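Enquirer: below are the sequence and a predicted model for it; my questions follow.
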Amino acid sequence: MKLKLLFILIFFSFRISAQGTIKEKFDYEVIYKLSFKLDSTLVNPESEYMMLYMGKDYSYYISRAQNFEDEIKVKGNSGSTPQNALTNFHYQILKEIKSDRLFYVHQIASDRFYFGQDKNIFNWQIETETKEIKGYKVQKAITNFAGRDYVAWFTPDVPISDGPYKFNGLPGLILEISDVENEWNFEFFGLKKLSPKQDFKLKFNQLIKTSLAELKATNLRYRKDPFTYINNPNITISPEVHQKYIESFAEMLEKENNPIELE
């Protein structure tokens with residue numbers, strides 16, 4: 001019994017230390033075009049390009065615009081944010097390839113939050129139907145996730161059980177996936193091998209650990225009134241102007257009624 005307890009303590013300590021800093025060298029980069037309707041009343045969807053980086057132990061999902069913004073920060077550019085660094089998606093998803101965990105990292109103003117989640121959340125049904133996407137033979141699979149029914153197309157030619165957003169668990173890379181209402185549609189744009197490999201590092205001690213429910217509440221508080229959340233003494237506005245901003249933020253939030261996860 002003591003030996004078993006010691007093993008549990010050692011394993012638990014290893015998991016904590018392993019989450020202190022994550023380092024990876026990404027071998028591959030996948031680009032998806034995401035067409036989406038955050039506002040369900042829109043006739044034509046908006047679109048952004050999303051990136052999936054894959055290495056030996058981890059994969060990393062981020063919007064291309066946010067990735068571009070991070071590159072600017074690294075280079076020390078403190079000027080205004082260029083148009084191609086603007087994004088609707090201020091989060092990243094890090095999947096552990098050899099385990100059942102993923103980490104969801106979300107930036108709110110200058111704060112970065114994270115929570116862990118089981119990545120084995122998809123009950124896939126693989127169909128016999130096949131087709132071709134940009135030279136890759138793909139096979140159909142269906143699933144339900146967070147209130148939506150999805151159709152995915154994966155390729156065994158790339159034997160990596162991964163895909164955009166949180167999607168994973170198929171015997172091949174997901175090249176295309178869309179909900180049946182076609183409100184969230186990931187379309188394969190390109191895959192390339194990185195040479196040299198791309199270095200990646202994530203330090204958990206620079207993030208704030210939270211839960212999904214707490215993160216939603218914090219993000220809503222920020223989106224309703226960014227000025228109060230940031231609480232920067234160098235930013236001063238009159239109560240009248242502040243109220244006008246709050247009203248415009250409320251109107252904007254009302255239109256964001258169709259997130260990718262409905263449940």
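Expert: Structure's in. What do you need? In this text the structure is predicted, and so the values were computed from the model without any measurement.
Enquirer: ranges for the strands of the chain?
Expert: 21-36, 46-54, 58-63, 91-96, 101-108, 111-118, 125-133, 136-145, 148-155, 173-179, 184-203, 208-209 (DSSP state E).
Enquirer: so what touches the last one?
Expert: It refers to strand 208-209. With contact meaning Cβ atoms under 8 Å, 6 or more residues apart in numbering, strand 208-209 is reached by 111-115. Just so you know, the C-beta spots here come from the backbone N, C-alpha and C atoms, and that holds for glycine as well.
Enquirer: how about 6 Å then?
Expert: residue 113 (Cβ atoms under 6 Å, 6 or more residues apart in numbering).
Enquirer: from the chain's centroid, how far away is it?
Expert: Chain-centre distance of strand 208-209: 17 Å, with Cα atoms, centre = their mean, to the nearest Å.
Enquirer: about what we covered before: nearest to residue 237, of the strands of the chain?
Expert: strand 101-108 (20.1 Å; Cβ to Cβ).
Enquirer: pLDDT wise, what is the nearest residue to residue 36 once chain neighbours are set aside at?
Expert: Spatial nearest neighbour of residue 36, chain neighbours left out: residue 184 (5.2 Å); criterion: Cβ to Cβ, 6 or more residues apart in numbering. pLDDT recorded at residue 184 is 98.
Enquirer: residue 184 against residue 261, yeah?
Expert: No: using Cβ atoms under 6 Å, residue 184 makes no contact with residue 261, being 9.7 Å away.
Enquirer: the two: who's more crowded?
Expert: Neighbour comparison, residue 184 and residue 261: the larger count goes to residue 184, with 22 against 12 (by other Cβ atoms under 10 Å).
Enquirer: where's the more buried one relative to residue 40, distance?
Expert: As judged by Cβ to Cβ, to the nearest Å, residue 184 and residue 40 stand 11 Å apart.
Enquirer: also residue 218?
Expert: Distance of residue 218 to residue 40, given as Cβ to Cβ: 24 Å.
Enquirer: hang on, the earlier thing: let me have the strands of the chain in TSV, extended by distance to residue 248.
Expert: Supplementary listing: these in TSV, determined by distance: least, Cβ to Cβ, whole Å:
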stretch	distance to residue 248
strand 21-36	22
strand 46-54	19
strand 58-63	24
strand 91-96	23
strand 101-108	19
strand 111-118	23
strand 125-133	41
strand 136-145	33
strand 148-155	29
strand 173-179	30
strand 184-203	26
strand 208-209	28
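Enquirer: between the ones you listed, which gets nearest to residue 234?
Expert: Closest approach to residue 234 among the strands of the chain is made by strand 111-118 (17.7 Å; Cβ to Cβ).
Enquirer: that closest one vs strand 91-96, what angle?
Expert: On the basis of axes from the mean of the first three to the mean of the last three Cα atoms, to 10 degrees, strand 111-118 is oriented at 40 degrees to strand 91-96.
Enquirer: and strand 111-118, what does it pack against?
Expert: Applying 3 or more Cβ pairs under 6 Å, 6 or more residues apart in numbering; DSSP states H and E, we find strand 111-118 packed against strand 101-108.
Enquirer: strand partners of the strand it packs on, parallel vs antiparallel please.
Expert: When pairing is defined by DSSP bridges, strand 101-108 lines up against strand 91-96 (antiparallel), strand 111-118 (antiparallel).
Enquirer: report the distance from that strand to the chain centre.
Expert: Going by Cα atoms, centre = their mean, where strand 101-108 is centred and where its chain is centred differ by 7 Å.
Enquirer: got the CA positions of it in PDB?
Expert: The C-alpha trace of strand 101-108 is given here as PDB (Å, rounded to 0.1, in the frame of the first residue of the first chain):
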ATOM      1  CA  ARG A 101      -5.200  15.900 -22.200                       C
ATOM      2  CA  LEU A 102      -5.500  19.300 -23.900                       C
ATOM      3  CA  PHE A 103      -4.900  22.800 -22.600                       C
ATOM      4  CA  TYR A 104      -7.100  25.700 -23.600                       C
ATOM      5  CA  VAL A 105      -5.300  29.100 -23.300                       C
ATOM      6  CA  HIS A 106      -7.300  32.300 -23.600                       C
ATOM      7  CA  GLN A 107      -6.000  35.900 -23.500                       C
ATOM      8  CA  ILE A 108      -8.200  38.600 -21.900                       C
END
